[in-house]
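>>> Okay, here's the prediction I keep looking at, along with the sequence it came from:
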Amino acid sequence: MEIKILGTGCPKCKSLEKLTREVVEHNGIDATISKVEDIVEIMKYGVMTTPALVVDGKVEIKGRVPSSDEIKKVLTR
């Protein structure tokens, strides 16, 4: 599974990255997590409000920081 955190480095973006890493680690999910900070790359996903969570190329959550439970649900479907 490939996970991308889209965000320019704001506190919400950092919070989403931290939460996502914690969920992956605590649940033994096999995933690669990367951070995309380039605004042009972010816009390629059609995201206008950050942060956003992209899983295997699909934007799952954008414009807010979800709960750990919500991230887990997205990653374990």
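Looks like it came in fine.

>>> Select the longest helix from the chain.
In the chain, with assignment by DSSP state H, the single longest helix is helix 11-26.

>>> Contacts for that helix, please.
Identification of contacts with helix 11-26 by CB atoms under 8 Å, 6 or more residues apart in numbering yields 3, 5-7, 29, 31, 33, 35, 50-51, 53, 64-66, 68, 71-72, 75. C-beta coordinates here come from the backbone N, C-alpha and C atoms, glycine included.

>>> Now the buried members of these.
Buried subset of the contacts of helix 11-26 (neighbour count, 16 or more other CB atoms under 10 Å): 3, 5-7, 31, 35, 50-51, 53, 65-66, 71-72, 75.

>>> residue contacts, V59?
L6, Y45, G46, V47, A52, L53.

>>> Please, where are all the helices along the protein?
For the chain, the helices defined by DSSP H occupy 11-26, 39-44, 68-75.

>>> Now do the longest one and helix 68-75, the angle between them.
Inter-element angle recorded for helix 11-26 and helix 68-75: 70 degrees (by axes from the mean of the first three to the mean of the last three CA atoms, to 10 degrees).

>>> how far is helix 11-26 from where the chain is centred?
Relative to its chain's centre, helix 11-26 lies at 8 Å (CA atoms, centre = their mean, to the nearest Å).

>>> Quick check: pLDDT value at H26.
Turning to H26, the model gives it a pLDDT of 96.

>>> could I get the helices of the chain as JSON lines with distance to E60?
Formatted as JSON lines, the helices of the chain follow (distance: least, CB to CB, whole Å):
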{"stretch": "helix 11-26", "distance to E60": "11"}
{"stretch": "helix 39-44", "distance to E60": "15"}
{"stretch": "helix 68-75", "distance to E60": "5"}
